[in-house]
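Visitor: What follows is a predicted protein model with its sequence.
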Amino acid sequence: MPINEMLRENMEREQGLQMQIVTANEASQISTLSGSFDEENPTGQNGSESEPSAPPMPTESRFGRIFTTNLLPDSFTIPIPIFYTVEPLPEWGVRAFKFAVVTTGGILGFHRLIRKLGYEHDPIYDIEHLMLYDLHAIALDAFTFFAVGRGWKNKGCDTLGYLIPLALSAWFFSAMTEWSVFRYNVSMYQIMCVWPTELYFFAGAAALGLLVNVIAHVVKAIKEGVFIGRALEIVLTFAVFCAPVGSSPFFHFHHWFFAWFVGLHANFDTWWSRASQGLLWGVYINGIAGYGRDSLLGCLSAYYNSLQGQCGHLEQEGSEFCINPDELPVGQNISIGFDHGMNTTGTDVDGHPFLGFGELVAADWETCTPGSH
């Protein structure tokens, strides 16, 4: 074999060995990099150390995010040092503040708007009466609604998906009284004896919408595995807030109470549940702004409070009568005539005389007999 061919074969053999060594080293480096990548990214998504994987695509459209994004963030830090630290506000505190602002602004704003537009309202119920008689109860209503309604946990109420239904319902429940068909109360006597036919159709449509919403919440609760807990909440709140007063023949199902109670349980952090809660809270605001937080027991509550307080002073349409119970003999009946001709009678309870507006009789829906309240 010629010397040149022998030298050429040796050179080719050496080059082949070098290529194998390089290939083995590259394979080892790739395996090492792959192992480190698997430790940092156990999900196995595509990417590298220098090029991280792309963020997931948003599940909501831009139009949908407009209605579910908070106008103000739920968490921020107060730029004031407290004890040499910057104190961050808890998210539940920020959400509570937002809810208080929306509720207060809604009641005050619609109190003025309802009267300015001439919608049906209580003409003597002004802000002074609200502060004096109803503020305490309204605050307790709002606290319970915020707690049971998961306002501390869910996204803050300052989203368009919450505020728009709230504003529309707060306006609509006053605007609808422009039609005489809606100028009726929700009580057994009114429903069975007074309601016009058209109102039954409206109530049926509203009940159907409510049923669909309830079914959606039940399905959601089952999927999230919280159905039993939410059902217990409904039972307990019904036992505390509805059952005692609902058993009385004087019970008046005010729309503020209906919206407040149902809204407690529309408490999932989804757009449709939050919109439902906003709509119902708007109905509550409408009831308070238009008529005040009227008692669920109507005249029975006023009668009991007057009796319990041994009230000796009555005023009706500008006429008033003052009486000192100590000046009357025990057991004396009292008959007082006012300028407008209405008589009031009184009797004694536990030896103390009092005044009342005649005999207090509950309406009877079975015989369609109107009561005295």
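Guide: That came in fine, so what should we check first? All values reported here derive from a predicted model rather than from experimental measurement.
Visitor: Every contact and neighbour count from this point should use C-alpha atoms.
Guide: Noted.
Visitor: Please enumerate the helices of the stretch 151-300 of the chain.
Guide: Listed in chain order, the helices found in the stretch 151-300 of the chain under DSSP state H, counting those that start in this stretch are 160-175, 188-193, 197-224, 227-237, 243-246, 255-264, 271-291, 299-308.
Visitor: Please identify the most buried of the ones you listed.
Guide: The highest mean neighbour count among the helices of the stretch 151-300 of the chain, using mean count of other CA atoms under 10 Å, belongs to helix 271-291: a mean of 25.
Visitor: Can you give me the distance of I288 to W171?
Guide: Taking CA to CA, to the nearest Å as the measure, I288 and W171 are separated by 12 Å.
Visitor: ok, now which ones touch T144?
Guide: L264 (CA atoms under 8 Å, 6 or more residues apart in numbering).
Visitor: What confidence value was assigned to E49?
Guide: pLDDT, the model's per-residue confidence, is 46 for E49.
Visitor: try E198
Guide: Each residue has a pLDDT score; the one for E198 is 89.
Visitor: Surely it touches V181?
Guide: Yes. Using CA atoms under 8 Å, E198 makes contact with V181 at a distance of 7.0 Å.
Visitor: any idea of the pLDDT on P81?
Guide: pLDDT, P81: 60.
Visitor: F227 now?
Guide: The pLDDT attached to F227 in the predicted structure is 95.
Visitor: Please tell me how far the closest residue to it other than its chain neighbours sits from V148.
Guide: Spatial nearest neighbour of F227, excluding adjacent residues (CA to CA, 6 or more residues apart in numbering): A221 at 4.6 Å. Between A221 and V148 the distance is 15 Å, computed by CA to CA.
Visitor: repeat for L132
Guide: With the distance defined as CA to CA, L132 ends up 26 Å from V148.
Visitor: who has more neighbours, these two?
Guide: V148 (18 against 9; other CA atoms under 10 Å).
Visitor: which residues touch A142?
Guide: Residues in contact with A142 (CA under 8 Å, 6+ apart) are 100, 103.
Visitor: swap the cut-off to 10 Å and go again
Guide: 96, 99-100, 103, 149, 260, 281 (CA atoms under 10 Å, 6 or more residues apart in numbering).
Visitor: Let's have these in JSON lines, adding pLDDT and distance to V214.
Guide: Supplementary listing: the contacts of A142 in JSON lines, determined by pLDDT from 0 to 100; distance: CA to CA, whole Å:
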{"residue": "A96", "pLDDT": "94", "distance to V214": "26"}
{"residue": "F99", "pLDDT": "96", "distance to V214": "24"}
{"residue": "A100", "pLDDT": "96", "distance to V214": "27"}
{"residue": "T103", "pLDDT": "97", "distance to V214": "24"}
{"residue": "G149", "pLDDT": "95", "distance to V214": "15"}
{"residue": "W260", "pLDDT": "96", "distance to V214": "15"}
{"residue": "W281", "pLDDT": "97", "distance to V214": "16"}
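Visitor: which of those residues tops the neighbour count?
Guide: The member of the contacts of A142 surrounded by the most neighbours (other CA under 10 Å) is W281, with 30 neighbours in all.
Visitor: Test my guess that it contacts Y162.
Guide: Yes. Proximity of W281 to Y162 meets the contact threshold set by CA atoms under 10 Å, at 9.5 Å.
Visitor: intersection of neighbour lists for those two?
Guide: Common neighbours of W281 and Y162, counting by CA under 10 Å, 6+ apart, are A275.
Visitor: According to the record, where do the domains of the chain fall?
Guide: With domains defined by automatic domain parsing, the chain comprises 1-30, 91-291, 299-353.
Visitor: tilt between the helix or strand where A139 lies and helix 227-237?
Guide: Under DSSP states H and E, the secondary-structure element containing A139 is helix 135-148. Direction vectors for helix 135-148 and helix 227-237, defined by axes from the mean of the first three to the mean of the last three CA atoms, to 10 degrees, enclose an angle of 170 degrees.
Visitor: could you give the angle of helix 135-148 to helix 255-264?
Guide: Following the same axes, to 10 degrees, one obtains 20 degrees for the angle between helix 135-148 and helix 255-264.
Visitor: buried residues in helix 135-148?
Guide: Counting neighbours by 16 or more other CA atoms under 10 Å, one finds that the buried residues in helix 135-148 are 135, 138, 142-146, 148.
Visitor: same deal with stretch 151-159?
Guide: The neighbour-count criterion (16+ other CA under 10 Å) identifies 151-152, 154-159 as the buried residues of stretch 151-159.
Visitor: possible to save those as a markdown table with pLDDT and distance to A239?
Guide: Supplementary listing: those in a markdown table, determined by pLDDT from 0 to 100; distance: CA to CA, whole Å:
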| residue | pLDDT | distance to A239 |
| --- | --- | --- |
| G151 | 92 | 22 |
| W152 | 92 | 24 |
| N154 | 91 | 26 |
| K155 | 89 | 29 |
| G156 | 87 | 29 |
| C157 | 93 | 28 |
| D158 | 92 | 32 |
| T159 | 93 | 32 |
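Visitor: I'd like the residues you listed as TSV, with distance to Q190 appended.
Guide: Below are these laid out as TSV (distance: CA to CA, whole Å):
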residue	distance to Q190
G151	35
W152	38
N154	38
K155	39
G156	39
C157	35
D158	38
T159	38
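Visitor: Any stretches of the stretch 251-373 of the chain with poor pLDDT?
Guide: Under the criterion pLDDT under 70, the flagged ranges of the stretch 251-373 of the chain are 310-361, 371-373.
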